[in-house]
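In: predicted model, plus sequence, below.
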Amino acid sequence: MKSRFKTKKLLLLGILLFGLSVATWAQKVSLNYTNVELQDVLLSIKKQTGYVLVFSDQILDVHRRVSIKVEGEDLVNVLKELLSDGNVTFEIKNKKIYFILKELVDVESAKSWKITGVVKDVNGEPIIGANILVKGSTIGVISDIDGKFLLNEVPAGSILEISYIGYDNREIKLKDEAPLTVILTENSTLLEELVVIGYGSVRKRDLTGAVSQINADQIQKGPVTNILQSVQGRISGFHVTPSSGQPGASTDVLIHGTQSINGTNAPIYVIDGTISENINNLNPQDIETFTVLKDASAVAIYGSRAANGVVVINTKRGKVDEKPTISFKTEQSFQQEGNLKIDYLNAAQWLEIATEAYKNGGKDVPWGDSDLEKIKGNDNCWPDLMKRTGYLTNNNLSITGGSKNSNYFVSLNYLYNEGIIKEQSYNRLNLRLNSDHKIGDRIKFGHSVNLYASEQTSQRDFDWRDTYAASFRYSPLNAMYDKDGDFATISNTYLQSKTPSPLWMLKNSDRTVRNKGIDGNLYLAVDILEGLKFTARVSGEWKNGYSNDFIGAMDTKYGMEGSNVNKVTKTNAETFHWITDYTLDYQKTFNQIHSVSALLGYSVEKQTFEDLMGSRGNTPSNDIKFLNAGDPSTALNSNSWSEWSFLSQFGRLAYSFKDKYYFSGTLRRDGSSRLVKDKYGIFPSVSAAWRIGEEKFMDAFNWLDELKFRLSWGKVGNVLSINPYGTSVYLSQQNAVFNEKVVAGYTFANAVNTDLKWESTEKKNIGLDLSMFGNSFYVVMDFYIEDTKDLLFNQPIATSVGLSGSPYINAGHIRNTGIDFEIGYRRTIGDWKFDVNFNASHVHNEVIDLEGRDLTTSGIKEGYPIGSFYGYVSNGIIRTQDDLNNHPHYAGKQIGDIWFKDINGYDENGNLTGKPDGKVDTADRALFGKVFPDLNYGLAGSVSYKNLTLQIQLQGVQGIQKNMLSGGYATDMFGGEPNMEASYILDRYDAERNPNGKYPRVAVGDPGQNQQFSDFWLIDASYLSIRNLNLSYSFPKNICNKLGMENLNAYIGVQNLYTFGNEYSEISSTVTVPMPRTCTFGLQFAF
């Protein structure tokens, strides 16, 4: 036995040494280290030779202390010296240094098999030095230079564990002694990570553009119901804002700020090659990678669709020779309102201040003791009465597997969410089918298909507002029920509202929105020659949207003012969108130093849309909600249809020299049906990168793994904000008289601009990538300038022209200047694993030129950010008679009102003079405030000890302001109808009781015009939120084996745990449902 073992050992060692190429012996290195860790020396060797180091930490102790001093010595001799006192040897092949054991383990067992096999990668190349172990024992070997292995005396029915650094581990259950072919798949997070780009992927080190990528394991360890909210605060320059806490609500996204005034500012989403404008119908559990393309070199390949950035999402797929695996994940969640909420006056406070408001307004109090007796005991906070504890269940089943020539991934997801507002809910069902197949070595085909159906329920009031928003229109003195026990609708004094109770609206109105559809693609890829591949892809999406709105008739038994006619409205919309892409892709490396890749593509895209609306009122009762039950005389209906298309050609050429110098260029030509004369736009980009860390003069910095500078420039376009027929002339029916007879005819109905062209954005970017200390510490920085020109405007025309509408024109210039920053650290120390990432971004938005147009009242002016606040400039509160005497003339101002500054005036021609004129009027309104934050930032961190993992995700903004008067959250200072009033009004000015009050006096009718918007009402809305906190436990393998499972994971997580800020920090300018705090219990297992 020993003789045979020695023979094997010597034979393997001899083969390894004999296999060294002549080029290897020519490698020279210089080292001078004393008592340092082996990893420091190996990193220096890597930098000097450019070779990749491949090893298992179970074999090679890189923390062992060594000393070495050589000058221009052969690489092989240096490695021999470093490894002379251990049982590890090496093999050099294809610019990779493999570290492997000198000895092969060979044990005998009483009842055993002889197992032979070979370990390869997905390209069929043998993997040298892979570990093959019999699970639960010490029996094991490593693969030889041909990837082959031999195990003697293996217990029958054992499980083999095959592992290798940079590859995903595999387990194989032995059924017999048949030879094995084991295919290991590269682990992109350990080997050279692949990053998704437009129409392809590249190694991360080869990137020349600004790209951020998050992988599935970074976002799916915990509760995930909305992918955009899951990545909130994780990606620099990628700003996510939920539009509402209502179940199923959309999420707003900005990449590098606002780019357009009238156009869309949302990015496009490319899901497995299918372009989509939203991802609400995507199951987050299906996502493999989530990639954000930011600069021109990354997005220009998408041309006119890419002005606002691109998000590329790849979903999961099966793997070659992967055994069938069934995975199941279930989450049960409970939801409540978060910690930030506005406090409101109770009934006693409300009544006291309302009385004061009438007196300050110079009006008689319109109620007496008899009125007060009627509402005695009423004290209702209506927004709170609309709330409840929400519930959410999210269940996902997936099956994945593969053979030598085929693989598949199937998933089924069901989500149901009862929101924190009563009668609001959302449910969604997803089915995904992905597969890939090979015919021989040259042909590959497959598909990605996603089917979905969802339903969202909510309510509306008579003004078509959300019922929760309507709840702020009621005072706390409104009764909940009338004397008959019904929801109250009585209104006979100022103390009670003139519309029905919001609880009545909950029961007598509803809105149901149903969406269903299918999206995906089919592809065929053919390897024509070595390095040359042709791909044809057909992508499509069909979706149908249906909505049903019902407003019940109000009970007028008490003389309630309002409609006593109910109304039902139904709409149906259908969209069909398809894209056909053909690409030729060529990749080749010459002499191991020149790498060239080229892409040529042709694309056709088309979308059709049709909607139908019907409405009727006065159905027999509020329980009958069908159109045909309504009164025909109240019928309304409409129908519209549209289509648009793109025709595109595109290309990309990239070159690298010695993996140090990179150059890339793209060019896309898009043609749009929306334009007339200038249908085609040309969108180029160029970029370069220099891996300065690979230069010889950087060898002394052996702690440095990567230092790369990036530079890019390019142009992209935007035309989607134009109506599909925005440059087309409409005809309207027009009768005319000829020979005293009326003749029916048609005439032009609208003015158009046939010279309209593309809105274009020029993007310039400088970037830095840095990693060190074994890639455990990394930094990414990008500085950018983005100029959008030829903005798309609607230009009003004089009525004397005789045509309607405001035709589109090109005018104006907007600039975004910003910086993205990311820093991270990851390290494994024994049983501990640490991973933390911090990112921050700043963007400055400025309107450069409007070409003479005055849009100040819309918050748009040259030299200011888009959407700036527009109003009066304040100077505190008028507190004394002297203050009042010195205040510029403004009718109605009294002590206790807001002081408005006189900063401008009009001349005799109505033009602004820029000088004070002694009075305050509309000329004194100005732009001010911070509508965009100075800083967006986030932190994602995890710490693991053995099988226990704690994760945290923080997100915040700094330096942003919001308007306290916006939306129904705000008080109207008792200036109009009775509303819920915010408690900050308690600190109002009162000459006797509170002369230093922070806020102005209250007065019915607002005679002092305190409700006129001014910078007085701006409030700092900076915040820091704990978006996710998650604790998970992965059960040990021995327990999983006993249960017949591959893995078992349990976790508890809280989303939106706590927000540090004030009550206005996360409130939007319109009343929406607050973001809920969600506590989740989850279980995930596979077998």
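Out: Everything's here; your move.

In: which residue packs closest to Val310, ignoring adjacent ones?
Out: The spatially closest residue to Val310, leaving aside those adjacent along the chain, is Leu293, at 4.2 Å (C-beta to C-beta, 6 or more residues apart in numbering). Using the backbone N, CA and C atoms, a C-beta is placed for each residue, glycine as well.

In: please apply the same query to Met1075.
Out: Using C-beta to C-beta, 6+ apart, the nearest residue to Met1075 is Gly245, at 4.2 Å.

In: same check on Arg669?
Out: Gln649 (4.9 Å).

In: so where does that neighbour fall, helix or strand?
Out: strand 631-657 (DSSP states H and E).

In: quick one: list the elements packing against that strand.
Out: strand 594-617, strand 661-672 (3 or more C-beta pairs under 8 Å, 6 or more residues apart in numbering; DSSP states H and E).

In: adding distance to Ser642 and mean pLDDT, write those strands out as JSON lines.
Out: Formatted as JSON lines, the helices and strands packed on strand 631-657 follow (distance: least, C-beta to C-beta, whole Å; pLDDT from 0 to 100):
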{"stretch": "strand 594-617", "distance to Ser642": "5", "mean pLDDT": "94"}
{"stretch": "strand 661-672", "distance to Ser642": "14", "mean pLDDT": "93"}
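
In: most tightly packed of those strands?
Out: strand 661-672 (a mean of 20; mean count of other C-beta atoms under 10 Å).

In: what lines up beside it in the sheet?
Out: strand 631-657 (antiparallel), strand 680-691 (antiparallel) (DSSP bridges).

In: in contact with Lys438, which residues?
Out: Taking C-beta atoms under 8 Å, 6 or more residues apart in numbering, we find Lys438 in contact with Lys404, Asn405, Ser406, Lys444.

In: who wins on neighbours among those residues?
Out: Lys444 (18 neighbours; other C-beta atoms under 10 Å).

In: which elements pack onto the helix or strand that contains it?
Out: In the assignment (DSSP H and E), Lys444 maps to strand 443-458. On a contact count with 3+ C-beta pairs under 8 Å, 6+ apart, strand 443-458 meets strand 425-439, strand 509-529.

In: at 10 Å instead, please
Out: strand 274-276, strand 310-315, strand 406-418, strand 425-439, strand 509-529, strand 532-551 (3 or more C-beta pairs under 10 Å, 6 or more residues apart in numbering; DSSP states H and E).

In: ok now it, how far from the chain's centre?
Out: Strand 443-458 has its C-alpha centroid displaced from the chain centroid by 19 Å (C-alpha atoms, centre = their mean, to the nearest Å).

In: tell me which residues in that strand are buried?
Out: 444-446, 448-458 (16 or more other C-beta atoms under 10 Å).

In: mind putting these in TSV, distance to Met980 included?
Out: Below are the buried residues of strand 443-458 laid out as TSV (distance: C-beta to C-beta, whole Å):
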residue	distance to Met980
Lys444	62
Phe445	61
Gly446	56
Ser448	49
Val449	49
Asn450	43
Leu451	44
Tyr452	38
Ala453	38
Ser454	32
Glu455	31
Gln456	26
Thr457	25
Ser458	20
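
In: would you turn those residues into CSV with pLDDT?
Out: Output for the buried residues of strand 443-458, formatted as CSV (pLDDT from 0 to 100):
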residue, pLDDT
Lys444, 94
Phe445, 95
Gly446, 95
Ser448, 94
Val449, 95
Asn450, 95
Leu451, 96
Tyr452, 96
Ala453, 96
Ser454, 95
Glu455, 96
Gln456, 94
Thr457, 92
Ser458, 87
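
In: which among those gets closest to Asp519?
Out: Nearest to Asp519, judged by C-beta to C-beta, of the buried residues of strand 443-458 is Asn450 at 5.3 Å.

In: now the closest one, which residues is it bridged with?
Out: So, taking DSSP bridges as the rule, Asn450 has Arg432, Asp519 as bridge partners.

In: can you pull the contacts of it?
Out: 271-272, 274, 276, 281-283, 286, 315, 411, 430-434, 517-520, 541 (C-beta atoms under 10 Å, 6 or more residues apart in numbering).

In: which of those residues are buried, as a PyMOL select command?
Out: Buried residues among the contacts of Asn450 (16+ other C-beta under 10 Å), as a PyMOL selection:
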select buried, resi 271+272+274+276+281+282+283+286+315+411+430+431+432+434+517+518+519+520+541
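
In: now stretch 645-660: buried residues?
Out: Under 16+ other C-beta under 10 Å, the buried positions of stretch 645-660 are Phe646, Leu647, Ser648, Phe650, Gly651, Arg652, Leu653, Ala654, Ser656, Asp659, Lys660.

In: what about the residue nearest the centre of the chain, which helix or strand?
Out: Residue closest to the mean C-alpha point of the chain, counted by C-alpha atoms, centre = their mean, is Leu228 at 3.4 Å. Assigned by DSSP H and E, Leu228 falls within helix 227-230.

In: for whatever helix or strand comes next after that helix, what is the average pLDDT?
Out: Note on helix 227-230: by DSSP H and E, the next helix or strand toward the C-terminus is strand 238-242. For strand 238-242, mean pLDDT rounds to 89.

In: where does the record place the domain boundaries for this protein?
Out: As given by automatic domain parsing, the domain ranges for the chain are 2-184, 869-927.

In: weakest of those by average pLDDT?
Out: domain 2-184 has the lowest average pLDDT among the domains of the chain, namely a mean of 75.

In: next one: that domain to chain centre, how far?
Out: With C-alpha atoms, centre = their mean, you get 42 Å for domain 2-184.
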